[in-house]
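Asker: Sequence plus the predicted model coming up.
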Amino acid sequence: MQARSYPRSHESQSICYSQSNGIAFLGSLIVMPHVCRSLIFCCVGAIGICLGMGCQSVNVRTSPNHSPALEHTYLVHLPGIGGRTSLDINWVQGLSDGHVAGHVELYDWTRPNWWLWALRAYEHNRAESRMIADRITARVRDDPQANIILTAWSGGCQVAIWALEDLPEDIRVQSVVMVAPSMRPNYDMSRALSHVRGSLFAVTSPGDWFILGGGTLVFGVSDGSRTAGAGMIGFEIPQGSSEVEYKKLVQLAYAAKWLQYGDLGGHAGAVSARFARDVVVPLLKDDAKKVNPPTTRPATQELPSRP
């Protein structure tokens, strides 16, 4: 695997936001009056309704390319707390158009919950993450040549991380892409990263201040913590985490050139077919070239379990 600095951002992106300044700015939002919190609730709900109107009742599952090189590559996308929306469908279509996998699936983990109810359905969400881990494990057991790619948006990112943590010790996925993760910036992903052979790409933007700033300070991120989301200020490297595993984390900070894909830096800016096809697909293809074929591995030293 190509040598990388620690921690690092993708070489083509520039860090354009100060994490410490962002936290200080958002700290002032904690003392906002009740009317402001109510306004945020209404706005978030309105956004949810708009996104939900794009939902389709059918499950998205395609096999766009049956070439030998991709026949054993499986991609699973986890949407945000709004469930399967038109944005997620377009994202999956962009990945399919880029021929990054032979089998692509959009898995809605939120049902029967929706929006803020899905955010706070912690027991349900943990059960879904275990189910996803079981499905990945079954796929690899059935097809030892399987290469698994996991992508997620917003609240789906925490579910993806939990699923990785729930995998058996010998199961690993090829790559992970998280867009606007609604997660604690200091969440220790060491155990999850130990189940990734290639890279975990995290797409972040300081422009996501409304949802992953004010919104998460009021309603919390996916594990219930009230803090600015990692999708806005980026991930920290927690004390006591694995330096070796964190070398796999590639943080993609918002860049002005993403405007050409219609990404204005907001919460859903990067969730589009164009961004998926023109930005994410090349990253995934390059990542696939860097990793070795086996998806299973011998048992290694045991990482501390998640609290």
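Answerer: In hand now; what should we look at?
Asker: Quick check: closest non-adjacent residue to Gly231.
Answerer: Excluding the flanking residues, the one nearest Gly231 by Cβ to Cβ, 6 or more residues apart in numbering is Ala180, at 3.7 Å. The C-beta positions use only the backbone N, C-alpha and C, and glycine is treated the same way.
Asker: So that neighbour sits against Ser154, correct?
Answerer: Yes. Ala180 lies in contact with Ser154 (Cβ atoms under 8 Å); the separation is 5.2 Å.
Asker: what secondary structure does the spatially most central residue of the chain sit in?
Answerer: Most central in the chain under Cα atoms, centre = their mean is Met178, positioned 2.2 Å from the mean C-alpha point. Three-state call for Met178 (DSSP: H, G, I helix; E, B strand; the rest coil): strand.
Asker: my guess is it meets Gln158, correct?
Answerer: No. Met178 is beyond contact range of Gln158, at 9.2 Å (criterion: Cβ under 8 Å).
Asker: Determine the number of other residues adjacent to Leu116.
Answerer: By the measure other Cβ atoms under 10 Å, the count of residues near Leu116 is 16.
Asker: So Gly234 versus Leu95, what's the distance?
Answerer: 24 Å (Cβ to Cβ, to the nearest Å).
Asker: more crowded one of these two?
Answerer: Using other Cβ under 10 Å, the more surrounded residue of Gly234 and Leu95 is Leu95, with 26 against 23.
Asker: in a helix, that's where the more buried one is, yeah?
Answerer: Yes. Leu95: assigned to a helix according to three-state DSSP.
Asker: so the closest residue in space to it that isn't next to it in sequence, which of the three states?
Answerer: Spatial nearest neighbour of Leu95, chain neighbours left out: Ala276 (5.0 Å); criterion: Cβ to Cβ, 6+ apart. For Ala276, the assignment made with three-state DSSP gives helix.
Asker: ok, now which ones touch Ala276?
Answerer: Taking Cβ atoms under 8 Å, 6 or more residues apart in numbering, we find Ala276 in contact with 90-95, 98.
Asker: May I ask which of these has the most neighbours?
Answerer: Trp91 (29 neighbours).
Asker: To which secondary structure element is it assigned?
Answerer: helix 86-97 (DSSP states H and E).
Asker: Packing partners of the next helix or strand along the chain from that helix?
Answerer: Downstream of helix 86-97, the next assigned helix or strand under DSSP H and E is strand 103-106. In this structure, strand 103-106 makes packing contacts with strand 61-62, strand 73-78, helix 86-97, judged by 3 or more Cβ pairs under 8 Å, 6 or more residues apart in numbering; DSSP states H and E.
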